[in-house]
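Colleague: model the following, please.
(one chain, ligands or ions: 2)
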Amino acid sequence: MANTVLVTGGAGYIGSHACVELLQAGYQVVVVDNLVNSKIESLKRIQEITGKPLAFYQVDIRDHDALADVFAKESITSVIHFAGLKAVGESCEQPLMYYHNNVYGTMVLLAVMAEANVKQLVFSSSATVYGTNSEIQYTEDLPLGAVNPYGRTKAMIEDMLRDLSAADALKSTGSPWKIALLRYFNPIGAHGSGKIGEDPNGIPNNLMPYVAQVAIGKLVQLSVFGDDYPTPDGTGIRDYIHVVDLVKGHVKAIEALNGEKFASGGCKAYNLGAGKGCSVLEIISTFEKITGRKVNYRIAPRRAGDLAEYFADPSLALKELNWKVEKTLEDMVADTWNWQVKNPQGYN
Ligand code: NAD
Ligand code: WQD
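Modeller: Ligands and ions are numbered 1, 2, ... in the order given. I've put the predicted structure just below:
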């Protein structure tokens, strides 16, 4: 019987792409999502792309009994935990909502997993846990220090998971926790079919969906936040990663948790990034080249809290998960545009 993976937040941007990849790799998929930031349509599209069914429960991960019911009904062997709130600005305005949803929600999930004796977990962490660092290429052993409530929820969850795994060493019985913390850099792009992609509510916070909505005429102008950074063209540099490459890393992580490396348990962090940076102006020029559309922009002041430049050292993921990115920036832009043109109103 195929392994069954519970995907929390599976209707969302990254989760929906992960479901496609898991189904295509032969896993059974169970999605738990409360649809606070997603639409059920994404789940229909996953089934259209793969021709395979998945099980869906509209459940909030903070609802212990409803979540326990899902574990009672389905033969879950591992969990990929995407469910969470992710807007940095909103987390500064409503920190308790973020701690309750992300941190408390994960505590409930972990309790239910322990009760069901399911102890394999892949967690959606973020490069944001590194905070402000003197290095610009991040390795997993750098000190952590998130600088906003959203980032701190990720750092706290990472701490909790490391503690949970460390506690196994003090016990002589029971199966150990096997945990991969995947630290994403900047996921962009969409599935090549154009059926699933990023569908932000309201005005996008992130660069790529903003650029796409300017190019299609939904938004008038992009503000480039700062052109006086100490970078070659003065604009901010990030490590953009195609969402399909990113979710392939999750399938590799599940395989690793099932393999020799994690045979006696453990909790380990891996950077998922391309390993190179790209500036805001490079994103704009690549977008214009690939789509033939003009991206109207102006130079605006720096955005509070932004760093000038950082990118991943993804060599540990290559060594231990046998994973690296395959897609180019051109692929990321072309797939974003394909999704945007085919779904100008997102899933609506
Ligand atoms: P998303 O908002 O599209 O997906 C998250 C999903 O979780 C949504 O479908 C939402 O409805 C669901 N959800 C939220 N709270 C829930 C709850 N309490 N119970 C059940 N479902 C709940 O976001 P995404 O971009 O797909 O991100 C997925 C994960 O990856 C998040 O944890 C996010 O913090 C993390 N991450 C995202 C990025 C990024 O740039 N997109 C970068 C690093 C890390
Ligand atoms: C990228 C670059 C901006 C918008 C965020 C979160 C991070 C992670 C990924 C979850 C920066 C510039 C942006 C715009 C711009 N999420 N920009 N005009 O800030 O690197 O990371 O998403 O974990 O935690 O903070 O991504 O896409 O917002 O910005 O000039 O309208 O584009 O200044 O240099 P960021 P982003």
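Colleague: ligand 1 contacts on this structure?
Modeller: Taking Cβ under 6 Å from any ligand atom as the measure of proximity, the chain contacts ligand 1 at 9, 11-15, 33-38, 60-62, 82-86, 101, 105, 124, 126, 184, 187. C-beta: built from backbone N, CA, C; applies to glycine.
Colleague: buried among these? Make that a ChimeraX selection.
Modeller: With 16 or more other Cβ atoms under 10 Å as the burial test, the buried ones among those are selected in ChimeraX as follows:
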select :9,11,12,13,14,15,33,34,37,38,60,61,62,82,83,84,85,86,101,105,124,126,184,187
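Colleague: show only the entries of the residues of the chain next to ligand 1 found in helices.
Modeller: Using DSSP state H, the members of the residues of the chain next to ligand 1 that fall in helices are 13-15, 105.
Colleague: distance to ligand 2 and pLDDT for the residues you listed - can I get that in a markdown table?
Modeller: Rendered in a markdown table, the data for those read as follows (distance: Cβ to the nearest ligand atom, whole Å; pLDDT from 0 to 100):
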| residue | distance to ligand 2 | pLDDT |
| --- | --- | --- |
| Tyr13 | 11 | 98 |
| Ile14 | 10 | 98 |
| Gly15 | 14 | 98 |
| Gly105 | 16 | 98 |
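Colleague: ok, so of those residues, who is nearest Asn3?
Modeller: The shortest approach to Asn3 among these belongs to Gly15, at 17.4 Å (Cβ to Cβ).
Colleague: how close does that closest one sit to Leu22?
Modeller: Using Cβ to Cβ, to the nearest Å, Gly15 is found at 10 Å from Leu22.
Colleague: now do the shared contacts for these two.
Modeller: For the pair Gly15 and Leu22, residues contacting each of them under the criterion Cβ atoms under 8 Å, 6 or more residues apart in numbering are 7, 80.
Colleague: the residue nearest to Ser75 when sequence neighbours are not counted bridge partners, please.
Modeller: In space, and not counting its chain neighbours, Ser75 is closest to Thr4: 5.3 Å by Cβ to Cβ, 6 or more residues apart in numbering. Beta bridges link Thr4 to Gln28 when assigned by DSSP bridges.
Colleague: confidence score at Thr4?
Modeller: Listed pLDDT for Thr4 reads 98.
Colleague: cool, Lys171 as well?
Modeller: According to the prediction, Lys171 has pLDDT 84.
Colleague: and it, how many neighbours?
Modeller: Residues near Lys171, counting by other Cβ atoms under 10 Å, number 8.
Colleague: can you pull the contacts of it?
Modeller: Applying Cβ under 8 Å, 6+ apart as the definition, Lys171 turns out to have no contact partners.
Colleague: strands of the stretch 51-200 of the chain, start to end?
Modeller: Defined through DSSP state E, counting those that start in this stretch, the strands belonging to the stretch 51-200 of the chain, from first to last, are 55-58, 78-81, 120-126, 137-138, 178-184, 186-188.
Colleague: quick check: buried residues in the first one?
Modeller: Think strand 55-58. Neighbour-count burial for strand 55-58 flags 55-57 (criterion: 16+ other Cβ under 10 Å).
Colleague: packing partners for that strand?
Modeller: With contacts defined as 3 or more Cβ pairs under 8 Å, 6 or more residues apart in numbering; DSSP states H and E, the packing partners of strand 55-58 are strand 28-33.
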